[in-house]
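**Q** okay, sequence plus prediction incoming.
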Amino acid sequence: MTASAVEPFRVVFVCTGNICRSPMADVVFRGFADAAGLGPRVASSSAGTGDWHVGERADQRTIDALERAGYDGTRHRARQFTHADFAHSDLVIALDRSHERILHGWARSEADADKIALLLSFDATAHTLDVPDPYYAGPGMFDEVLGMIESASRALFRQLEPAIRPA
């Protein structure tokens, strides 16, 4: 999995409704790519396993948490993951094990299944494999979840950077 001179490395982050965790991960990962000068070599996106929020903005608490941390999540619009995302992605990152199970159920081939990984599996300091859903919690939980996502996304980016960086 390397980015070519023409094609960027493509990663999609997946959570339940695509309004809290996966938009955070997309914005944060994109921020790391841009800060490293590799923005054009990375195409990141996010999606949900469900269709409840398709077309909606990220949850306002998500946007607020991102803003407090110096990110802009205002352009996000929710969408549902489709089988085409496997074909159009080099890596499919699940935010928790329920998403991972759903994605494995949707995978049509071993190649599709091999693209699936858990975000927190990249973070050696994580005490769990699941990024908790902050939807029913207060703003503090959104900040806590963002911290988990930043740490794991940083570790993911560090692992991918050698393959993304031009030779």
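**A** Great, that's in hand. Every value quoted in this text rests on a predicted model; they were computed, and no experiment measured them.
**Q** which of the three states applies to S46?
**A** Taking DSSP: H, G, I helix; E, B strand; the rest coil as the rule, one finds S46 in the strand state.
**Q** now it: how far from F29?
**A** Taking C-beta to C-beta, to the nearest Å as the measure, S46 falls 9 Å from F29. Glycine gets a C-beta too; all of them are placed from N, C-alpha and C.
**Q** pull the contacting residues for V145.
**A** V145 makes contacts with C20, R21, M24, A65, V131, P132, P134, as judged by C-beta atoms under 8 Å, 6 or more residues apart in numbering.
**Q** give me the distance between the nearest residue in space to T82 that is not next to it in sequence and H127.
**A** Counting by C-beta to C-beta, 6 or more residues apart in numbering, T82 lies nearest to A47, which is 7.7 Å off, once chain neighbours are set aside. Distance, A47 to H127, by C-beta to C-beta: 26 Å.
**Q** go on, T49?
**A** Applying C-beta to C-beta to T49 and H127 gives a distance of 24 Å.
**Q** more crowded one of these two?
**A** T49 (21 against 7; other C-beta atoms under 10 Å).
**Q** which pLDDT value belongs to the more buried one?
**A** Listed pLDDT for T49 reads 98.
**Q** tally of neighbours for the closest residue to it other than its chain neighbours?
**A** Residue nearest to T49 in three dimensions, not counting chain neighbours: I102, with 4.8 Å by C-beta to C-beta, 6+ apart. I102 has 17 neighbours, counted by other C-beta under 10 Å.
**Q** find the helix or strand that I102 is a member of.
**A** Element membership for I102 (DSSP states H and E) is helix 97-106.
**Q** pLDDT of that helix, averaged?
**A** 98.
**Q** just stretch 56-70 next, same as before
**A** 97.
**Q** just the CA trace of it, in PDB.
**A** Provided in PDB are the C-alpha atoms of stretch 56-70 (Å, rounded to 0.1, in the frame of the first residue of the first chain):
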ATOM      1  CA  GLU A  56     -26.300  16.200   7.800                       C
ATOM      2  CA  ARG A  57     -23.400  18.200   9.300                       C
ATOM      3  CA  ALA A  58     -21.300  16.700  12.100                       C
ATOM      4  CA  ASP A  59     -22.900  16.900  15.500                       C
ATOM      5  CA  GLN A  60     -22.400  20.400  16.900                       C
ATOM      6  CA  ARG A  61     -20.500  19.000  19.900                       C
ATOM      7  CA  THR A  62     -18.100  17.300  17.400                       C
ATOM      8  CA  ILE A  63     -17.600  20.600  15.500                       C
ATOM      9  CA  ASP A  64     -17.000  22.400  18.900                       C
ATOM     10  CA  ALA A  65     -14.500  19.800  20.200                       C
ATOM     11  CA  LEU A  66     -12.600  20.000  16.900                       C
ATOM     12  CA  GLU A  67     -12.600  23.800  17.000                       C
ATOM     13  CA  ARG A  68     -11.300  23.800  20.600                       C
ATOM     14  CA  ALA A  69      -8.400  21.700  19.400                       C
ATOM     15  CA  GLY A  70      -7.600  23.900  16.400                       C
END
